[in-house]
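Participant: Have a look at this prediction, sequence included:
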Amino acid sequence: MPDPRDTGRAVPHSARSGSVLVALGAALWGTGGVAGTIVAADSAMSWPAISALRLLGGGLVMLAVTAAMGGLRRVPRSREALGHVLLTAVLTGVYGTAYFESVSLVGVAVSTVISLGVAPVAVAVATALHERRPPRATVVLALATAVVGLLLVSDVSGSEPGAGSASVSGAGVAVGSSNTVGVLLALVAGLAFAGTSIVNRRVIPGLGPSTLIAVSFTLAGVLSAVFALCTGFHLASAGPSAWGGVAFLALVQTVLGYLAFYGGLQRGVAATTAAVLSLVEPLVATVLSVVVLHEPLTVVGVVGIVLLLVAVVLVRTPR
């Protein structure tokens, strides 16, 4: 079993394919903000409700598949496994609810940039404190490059008032405006995501990615639904596009995305490396916000995208 700690040393051969899986998962996650915006535009559902339906739908689908394959009978009944599932459920619920609520306030691009920007830095700091030694020089360089790139990408929607996903969803404010609550929620989402990267770097015997997603995401959906009841589900208001978006969020963005990400982590990808590779998400989110939501792309934003790609390359798994 691979060492659950992020040591920063060269990783085994299996982690190379794991890096690809982590990047693939991040790319699928990048579709979440745009899909959620489409759901919000075609319904009166609140963003916490959208997040809850996404988690519940994905978790229940995985529960059915896992049960049909007999995977639930092999779930370990140990205290360690139970704690792992509960912690993953809480962190996932916090991440999803905070992220989607942040999208409604500051838009897809800014929310994704902030939440995914703080994650690799938080993981690197936690790892350095745990290991009592600084990260590798390439990791530090990648983090610095990523921070600069994220700051530049946050300018992707330009300075024109009302531009970006906020004007599409009708629920938020202009991307360029100052919204403390939205920024704080994005930071909370980033810290929760960092927590999932660290926690699920550890392999629990008998608790594979599909089983973990099935149980923990269903629990996360229930927890999110309790909070969403305060803001309203308004299911009757949803049109065909909204339900199609919910199905996409549950099956593609959640189930396939997390299967790929957790599968990559359990192949030995270091937590810091996985967090930096997850920067593929804001890249995809930015491109989709330009193509689908027609957010303007500035020259500064293009430079930021290039720097994010450089950061991902810097932490690629050594051959």
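Facilitator: Perfect, thanks for sending it. Numbering: from 1, shown residues only.
Participant: Counting neighbours, what do you get for Ala247?
Facilitator: Ala247 sits with 16 neighbouring residues when counted by other C-beta atoms under 10 Å. All C-beta atoms are positioned from the backbone trio N, CA, C, and that covers glycine.
Participant: Could you check stretch 274-288 and say which residues are buried?
Facilitator: By 16 or more other C-beta atoms under 10 Å, the buried positions in stretch 274-288 come out as 274-286, 288.
Participant: could these be laid out in a markdown table, adding secondary structure and pLDDT?
Facilitator: Listed next are those as a markdown table, based on DSSP: H, G, I helix; E, B strand; the rest coil; pLDDT from 0 to 100:
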| residue | secondary structure | pLDDT |
| --- | --- | --- |
| Ala274 | helix | 78 |
| Ala275 | helix | 74 |
| Val276 | helix | 76 |
| Leu277 | helix | 81 |
| Ser278 | coil | 79 |
| Leu279 | coil | 77 |
| Val280 | helix | 83 |
| Glu281 | helix | 80 |
| Pro282 | helix | 75 |
| Leu283 | helix | 78 |
| Val284 | helix | 85 |
| Ala285 | helix | 79 |
| Thr286 | helix | 75 |
| Leu288 | helix | 83 |
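Participant: Is it possible to get CSV of those residues that adds distance to Leu314?
Facilitator: Conversion of the buried residues of stretch 274-288 to CSV gives the following (distance: C-beta to C-beta, whole Å):
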residue, distance to Leu314
Ala274, 14
Ala275, 13
Val276, 8
Leu277, 11
Ser278, 14
Leu279, 11
Val280, 14
Glu281, 17
Pro282, 16
Leu283, 15
Val284, 19
Ala285, 21
Thr286, 19
Leu288, 24
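Participant: Relative to the centre of the protein, find the outermost residue for me.
Facilitator: Residue farthest from the centre of the chain, counting by C-alpha atoms, centre = their mean, is Arg73 at 28.9 Å.
Participant: confidence score at it?
Facilitator: Per-residue confidence at Arg73 stands at 76 (pLDDT).
Participant: Could you do Val175 as well?
Facilitator: The pLDDT attached to Val175 in the predicted structure is 40.
Participant: coming back round to it: and the buried residues of stretch 274-288, which is closest to Val113?
Facilitator: Closest to Val113 out of those is Pro282 (5.2 Å), distances taken as C-beta to C-beta.
Participant: Can you tell me how far the nearest residue to that closest one once chain neighbours are set aside is from Ala67?
Facilitator: Nearest in space to Pro282, with sequence neighbours left out and distances taken as C-beta to C-beta, 6 or more residues apart in numbering, is Thr112 at 4.6 Å. As defined by C-beta to C-beta, to the nearest Å, Thr112 lies at a distance of 33 Å from Ala67.
Participant: Neighbour count for those two, which is higher?
Facilitator: Legend: neighbour count by other C-beta under 10 Å for Thr112 and Ala67, higher for Thr112 (34 against 13).
Participant: Against which helices or strands is the host helix or strand of the more buried one packed?
Facilitator: Secondary structure assigned from DSSP states H and E places Thr112 in helix 108-131. Contact analysis of helix 108-131 by 3 or more C-beta pairs under 8 Å, 6 or more residues apart in numbering; DSSP states H and E lists helix 32-41, helix 79-106, helix 137-153, helix 180-199, helix 271-277, helix 280-291 as its packing neighbours.
Participant: C-alpha coordinates for it, CSV please?
Facilitator: Presented in CSV, the C-alpha positions along helix 108-131 are these (Å, rounded to 0.1, in the frame of the first residue of the first chain):
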residue,chain,number,x,y,z
VAL,A,108,-18.1,30.8,-12.4
ALA,A,109,-14.6,32.0,-13.2
VAL,A,110,-13.8,33.9,-10.0
SER,A,111,-15.3,31.2,-7.7
THR,A,112,-13.4,28.4,-9.4
VAL,A,113,-10.2,30.3,-9.5
ILE,A,114,-10.3,31.2,-5.8
SER,A,115,-11.4,27.8,-4.6
LEU,A,116,-9.0,25.8,-6.7
GLY,A,117,-6.2,28.3,-6.1
VAL,A,118,-6.2,28.0,-2.3
ALA,A,119,-6.3,24.2,-2.4
PRO,A,120,-2.8,23.3,-3.6
VAL,A,121,-1.3,26.0,-1.3
ALA,A,122,-3.2,24.6,1.7
VAL,A,123,-2.2,21.0,0.8
ALA,A,124,1.5,22.0,0.4
VAL,A,125,1.5,23.9,3.7
ALA,A,126,-0.2,21.0,5.6
THR,A,127,2.2,18.5,4.0
ALA,A,128,5.2,20.6,4.9
LEU,A,129,4.0,20.9,8.5
HIS,A,130,3.3,17.2,8.7
GLU,A,131,6.7,16.2,7.2
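Participant: can you tell me the average pLDDT over that helix?
Facilitator: Computed over helix 108-131, the mean pLDDT rounds to 75.
Participant: do stretch 83-92 as well
Facilitator: Regarding stretch 83-92, the rounded mean pLDDT is 91.
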